[in-house]
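> Structure for this input, please:
(chains A and B)
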Amino acid sequence: MIPLTKEFKKDLPRHLRNETVRKNISKALDLSIKKRNEAVAEVADWEELREKANRIKRQIIDNLYDNLNAFEKNARKNGVEVFRAANASEANSIAEEIATRHAANLIVKSKSMVSEEIGFNDYMIAKGFEVVETDLGEFIIQLANETPSHLIGPAIHKSIPEIAQLFAEKLGIPYSEDPKILTETARKILRQKFLKADMGVTGANFGIVENGGIAIVENEGNGRMCFTLPKVHLALIGMERLIPAVDDLAIFLTLLCRSATGQRLSSYVAMLTGPRLTEFFDGPKKSYYILIDNKRSSFLKDDNLKQALYCIRCSACYNVCPVYQNIGGHAYGWVYQGPIGAAITPQFLGLENARDLPFASSLCGACSDVCPVKIPLHHLLWYQRSRIVKELKPPKFEKIILNEFNKVAQSADRFQKMGKIARVIQKIIPDKLYARGWTASRKLPGIAESSFHDWWSERLVKKNHHD
Amino acid sequence: MIKSIKSTSTTPLRLYEQFESAMDNLGGRTFLVAEDEVSSKLQSLLSDTIRKIVIYQTPLIDRFIPKTFPGETNNLSVERLPTIRPPDFDEESYRHDLIMADAGLIAADYIIADSGTVVLFGENHRAQLVTLLPPTLFVLATARQLIPDLFTFHDLIKKSNGHHFQNMHYISGPSRTSDIEKTLILGVHGPVELYVLVVKE
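Next up, the predicted model:
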């Protein structure tokens, strides 16, 4: 997708004014947070699990290239053909080559964030392949020609009437606001696609180093269809998604499912190790992995930012973020949204192109508190802000003002004098002239009539006088 | 032993009750049946809408469901799959049977009480479409296969050197979605209904 992150500030008022989207989102998020909190409360040692997961991910990320080599070696032993892609365009051309090799005209696809990141659908469709999103939320989004606005619920910004209208228009069914009928319609259409598809594309929630397998977590069963029915399975895997062993699934599934949807386990979790064996009745005849770097190596070079690679894409930080709750996912302008998106997008797209995102936070820390793998999210946001200020030149005016303030604030005498001058100025010059950015939506609080310093001195004089 | 989940149930009956309540929350149904009642219970659950069932014939199924099931009087059509894919396996007709089937029956390797999960690996996971394409899924398990939680399960397969299995599937309840305004709908792509028969041993 074309990043709109540069327009973040400009587009904000439009997103804030969109009452429908805000209503749809807040309804969905309230429920998600409630369910998450209940599910987390059931686990006595949740905090210990978070610590443990954080340690495991740190070990993986600190030795990521070694782990990737081991994972790849084990996957090859299982008969999986493994590719590495340095960037989005490499990943897409490898996928194209695989699809061409198998004459895969119809591709069914389950939800994968890395596929959104590399623009897989647009690329493959432009090359003449039919790519069908099969997760219900993604199916709705694809029909509407939109992009996901949430990691777990890609269509949470849409209301039932909007979806009903969309289905009636695009699928030719009678208008119905019954979610059951809408779901049934999608089931029927997609079932035929699954049965006819030549290739299934999925992401991977976890890559398991010790056996080269991947774990895929889902609720609908569309993922299972994608990696069971077509003769070819292709998994697009962000290279940071590794965990050491099959046993680690117990910890990571507990953390992921409860954080994401408040379920003890998602309906379907599969661990796949490769193409169908001779005793199997079904499963793909050929399995491929594409391990995708696409800027992840640049995170590894920064001790702060590499912690962002621990992320298991649960969306808990989206749900609790007061900024996300008010602006929704699309406002962020790219694939990754909410606090994690605001922290990592500048790395993916360049500081310059996403310079406003790390500032879209109150730094309240709610994201860090819920993160199941203990990524210090609000610290990362603060860190990105400091990089932006250091590496990109802040607006000249801002720099002059701050430099001057720096001088003023260093001396009590100058500070008081400045205060006196400001008190006069605010009466003469309207605040609209010097603080339009602020006054457009809020009142600028004025400087108090008398300073604390003056008030205190006056009080001391009075007191001494009485004594 | 496992701290991670507040699981205190240890007796098979307590575990069963926990499994039942978890399945209930997920929209599945659970039955505790005696060894000699398995066939009749299954028969009673086969509603009029179920005309065709595909059975993945693994040893556990052999033990509790006679080859003569469902008997002469019933007009139910039954397709049986052998444990291992035969050399003359016809994939097209396998698929066709499952597309047309109203129900599938498969045996579990373990069932997890806390999360209401059916675990398939080893010999029980080779015919995935049985658990995926028909709108109703029946699972046969025994009370001995009940395990408190995910952590206990992973400890167990670690000890039994279970890492040699090929694939593994956890199935917790029917297929579900909440993608339309968070409204829960069962059976979006996979089974709409899930029944687990747990045999008392």
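> per-domain residue ranges of chain A.
What the record gives for chain A is the domain set A:1-42+A:310-392, A:44-294, A:412-466, from automatic domain parsing.
> could I get those domains as TSV with mean neighbour count?
C-beta: built from backbone N, CA, C; applies to glycine. What follows is the domains of chain A, written out as TSV (neighbours: other C-beta atoms under 10 Å in any protein chain shown):
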stretch	mean neighbour count
domain A:1-42+A:310-392	20
domain A:44-294	20
domain A:412-466	11
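> who wins for proximity to B:Leu129 among these?
Distance to B:Leu129, taken as C-beta to C-beta, is lowest for domain A:44-294 among the domains of chain A, at 5.0 Å.
> What average pLDDT does that closest one get?
This predicted structure assigns domain A:44-294 an average pLDDT of 97.
> now that domain, how far from the centre of its chain.
15 Å (C-alpha atoms, centre = their mean, to the nearest Å).
> Start and end of that domain, how far apart?
The first and last residues of domain A:44-294 sit 38 Å apart, counting by C-alpha to C-alpha, to the nearest Å.
> ok, B:Phe151 - how many residues close by?
Residues near B:Phe151, counting by other C-beta atoms under 10 Å in any protein chain shown, number 22.
> May I have the phi/psi pair for it?
Here is the backbone geometry of B:Phe151 (degrees, to the nearest 10): phi -70, psi -40.
> quick one: secondary structure of the residue of chain B most remote from its centre?
Using C-alpha atoms, centre = their mean, the residue of chain B lying farthest from its centre is B:Glu181. It sits 29.9 Å away. Under DSSP: H, G, I helix; E, B strand; the rest coil, B:Glu181 falls in the coil class.
> Mind listing the residues bridging to the closest residue to A:Glu81 other than its chain neighbours?
Beyond its immediate neighbours in the sequence, the residue positioned closest to A:Glu81 (C-beta to C-beta, 6 or more residues apart in numbering or on different chains) is A:Tyr288, lying 5.0 Å away. Bridge pairing for A:Tyr288 (DSSP bridges) gives the partners A:Glu81, A:Leu234.
> shouldn't A:Tyr288 be in contact with A:Arg84?
No. The criterion here is C-beta atoms under 8 Å, and A:Tyr288 misses it with A:Arg84 at 12.0 Å.
> Dump the domains of chain A to a markdown table, plus distance to B:Ile55.
Conversion of the domains of chain A to a markdown table gives the following (distance: least, C-beta to C-beta, whole Å):
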| stretch | distance to B:Ile55 |
| --- | --- |
| domain A:1-42+A:310-392 | 35 |
| domain A:44-294 | 13 |
| domain A:412-466 | 66 |
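> Break down the stretch 251-400 of chain A into its strands, ranges please.
Counting by DSSP state E, counting those that start in this stretch, the stretch 251-400 of chain A forms strands over residues A:268-272, A:286-292, given from the N-terminal end onward.
> Kindly report the residues of the stretch 1-150 of chain A close to chain B.
A:24, A:27-28, A:31-32, A:42-45, A:48-49, A:134-137, A:140 (C-beta under 8 Å from any C-beta of the partner chain).
> Let's see that with 7 Å instead.
Counting by C-beta under 7 Å from any C-beta of the partner chain, the residues of the stretch 1-150 of chain A close to chain B are A:27-28, A:31, A:42-45, A:49, A:136-137, A:140.
> How about the stretch 201-350 of chain A?
Remark: the part of the stretch 201-350 of chain A in contact with chain B comprises A:211, A:219-222, A:224-225, A:228, A:246-247, A:249-250, A:253-254, A:264-265, A:267-273, A:277-283, using C-beta under 7 Å from any C-beta.
> Could you pick out which of the residues you listed are located in helices?
With helices defined by DSSP state H, the entries of those inside them are A:222, A:224-225, A:228, A:249-250, A:253-254.
> which residues does residue 200 contact?
With no chain named, the answer covers chain A. For A:Gly200, the residues meeting the contact criterion (C-beta atoms under 7 Å, 6 or more residues apart in numbering or on different chains) are A:108, A:226-227, A:229-230, A:233.
> could you do chain B instead?
Applying C-beta under 7 Å, 6+ apart, one finds that B:Lys200 lies in contact with B:32-35, B:143.
> and which of those is nearest to A:Lys188?
Nearest to A:Lys188 among the contacts of B:Lys200 is B:Val33, at 34.6 Å by C-beta to C-beta.
> Smallest gap between chain B and chain A, at which residue?
Across chain B, no residue is closer to chain A than B:Gly190, which sits at 3.0 Å (C-beta to the nearest C-beta).
> How about the secondary structure of that residue?
Secondary structure for B:Gly190, judged by three-state DSSP, is coil.
> Give the burial count for it, as a bare number.
The number of residues packed near B:Gly190 is 28, by other C-beta under 10 Å.
> That one contacts B:Leu133, correct?
No. Counting by C-beta atoms under 7 Å, B:Gly190 stays clear of B:Leu133, with 8.1 Å between them.
> what do the two both touch?
With contacts taken as C-beta under 7 Å, 6+ apart, not a single residue reaches both B:Gly190 and B:Leu133.
> related to what we said a few turns ago, now secondary structure too, for the residues of the stretch 1-150 of chain A next to chain B, in TSV please.
Below are those laid out as TSV (three-state DSSP):
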residue	secondary structure
A:Lys27	helix
A:Ala28	helix
A:Leu31	helix
A:Glu42	coil
A:Val43	coil
A:Ala44	coil
A:Asp45	coil
A:Leu49	helix
A:Leu136	helix
A:Gly137	helix
A:Ile140	helix
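> what's the closest of the residues you listed to A:His378?
The nearest member of these to A:His378, counting by C-beta to C-beta, is A:Leu49 at 21.1 Å.
> how about A:Lys35, secondary structure?
When the structure is split into helix, strand and coil by three-state DSSP, A:Lys35 lands in helix.
> Over in chain A, which residue gets nearest chain B? Let me know.
Residue of chain A nearest chain B, by C-beta to the nearest C-beta: A:Gly221 (3.0 Å).
> Now that residue. Nearest residue, chain neighbours left out?
Residue nearest to A:Gly221 in three dimensions, not counting chain neighbours: B:Gly190, with 3.0 Å by C-beta to C-beta, 6+ apart.
> which ones are touching the residue of chain B closest to chain A?
A:221, A:224, B:132, B:174-175.
> so where's chain B shaky on pLDDT?
Where chain B drops to pLDDT under 70, the residues are B:1-9, B:72-74, B:161-165.
> Grab the nearest non-local neighbour of A:Leu136.
Counting by C-beta to C-beta, 6+ apart, A:Leu136 lies nearest to B:Asp179, which is 4.1 Å off, once chain neighbours are set aside.
> May I ask you to confirm that the one you found is in contact with A:Gly137?
Yes. At 3.7 Å, B:Asp179 and A:Gly137 qualify as touching, with contact defined as C-beta under 7 Å.
> hey, what's in contact with both of these two?
Taking C-beta under 7 Å, 6+ apart as the contact criterion, the residues that touch both B:Asp179 and A:Gly137 are A:153, A:155.
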